[in-house]
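**Q** just need the structure, nothing else, for what follows:
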Amino acid sequence: MTWHRAAGWLAPTRTDRSVPRPLVAALVLGLAAQLAWHAMAPAPEARVRALPQAPPAAFLRVAALGEPATLAAATTLWLQYFDVQPGRSIPYRELDYTRVRAWLERALVLEPASGYPLLLAVRLYGQVNDPPRQRIMLDFVRNAFLERPATRWRWLAEASIIARHRLHDLDLALRYARLLARHTRAGEVPYWARDLRILLLQDMGEADAAKVLIGGLLASGEITDPHEIRFLKRRLDALEDRRDDGSN
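**A** Here you go, the predicted model:
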């Protein structure tokens, strides 16, 4: 036994050798057993959580507590990072896109002026290499556009481009382009967006239909933007040149 000074007085201490050997052996065996158990135990399995169903819009309005824009932003942020879960990152193709669409619709209900749900639809979820899921996102954009054409036209234009180049569905792309032209007015959107249908008709080999459309637009007097008039005349000249060359 030795002595050490603590708080101004001497206190007895024991040396390591004074600890009973059976107690030391028990401590060592216990530590070894614990380490062995951790080493042999299976690694915890990362469980994938399914995307829950979106709650009713009325519930979200009440839950927003007078701050619907804040809740809409939080909702889209939560949805955007739902695929990143502890221990695993979920491919977008494994998500239930019907539920993804419902969450995006709820976000738009909370904040109709926001374009972020539509951006996620075309530039994030709409880019997955899965045609059925892509079509769900494009249909969501189409319906949202019809509610507010003047402010959501760009997303339908992108949906038309995705339909053309990712889905290779010219008919669907043309339907979206025609909706875009029908539900917007000159001056509301850039002329390239309103005239997207002309380029798609050419892609479909419908040169005559494209020429009739251009001629009708120029003759109607609806087009007043000199840049758009110049663009349409150039397209018409190009179509005429192709006909003279004998090409379709």
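**Q** residues in contact with stretch 146-158?
**A** 112-113, 115, 118-119, 121-123, 141-142, 144-145, 176-177, 179-180, 183-184, 188-189, 193, 196 (Cβ atoms under 8 Å, 6 or more residues apart in numbering). (Glycine included, C-beta is placed from N, CA and C.)
**Q** restrict that stretch to CA atoms and write it as CSV.
**A** Provided in CSV are the C-alpha atoms of stretch 146-158 (Å, rounded to 0.1, in the frame of the first residue of the first chain):
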residue,chain,number,x,y,z
LEU,A,146,-53.4,24.0,-67.8
GLU,A,147,-54.1,25.6,-64.4
ARG,A,148,-51.7,28.5,-65.0
PRO,A,149,-50.5,28.6,-68.7
ALA,A,150,-48.9,32.1,-68.6
THR,A,151,-46.5,31.2,-65.7
ARG,A,152,-45.9,27.5,-66.3
TRP,A,153,-45.4,27.3,-70.1
ARG,A,154,-41.7,26.6,-69.8
TRP,A,155,-42.2,23.4,-68.0
LEU,A,156,-44.6,22.1,-70.7
ALA,A,157,-42.1,23.1,-73.3
GLU,A,158,-39.5,21.0,-71.5
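**Q** centre of the chain to it, how far?
**A** 16 Å (Cα atoms, centre = their mean, to the nearest Å).
**Q** average pLDDT across it?
**A** In this model, stretch 146-158 carries a mean pLDDT of 94.
**Q** buried residues, it. List them.
**A** P149, R152, W153, R154, W155, L156, A157, E158 (16 or more other Cβ atoms under 10 Å).
**Q** nearest to E240, of those?
**A** A157 (26.7 Å; Cβ to Cβ).
**Q** how much space separates that closest one from D96?
**A** 27 Å (Cβ to Cβ, to the nearest Å).
**Q** do you know the pLDDT at A73?
**A** pLDDT for A73: 92.
**Q** returning to that earlier point: out of the buried residues of stretch 146-158, which is nearest to T224?
**A** Looking across the buried residues of stretch 146-158 and measuring by Cβ to Cβ, the closest to T224 is W153, at 18.3 Å.
**Q** any idea how far Q134 is from the closest one?
**A** 20 Å.
**Q** and the helices in the chain?
**A** 21-40, 57-63, 68-80, 97-110, 116-123, 131-147, 149-165, 170-182, 191-194, 196-203, 207-220, 226-244 (DSSP state H).
**Q** to L51, which of those lies closest?
**A** Among the helices of the chain, helix 97-110 sits nearest to L51 (Cβ to Cβ), with 4.8 Å.
**Q** not counting its own residues, what contacts stretch 163-170?
**A** So stretch 163-170 is contacted by G126, Q127, P131, Q134, R135, L138, L172, A173, Y176, L200, D203, M204 (Cβ under 8 Å, 6+ apart).
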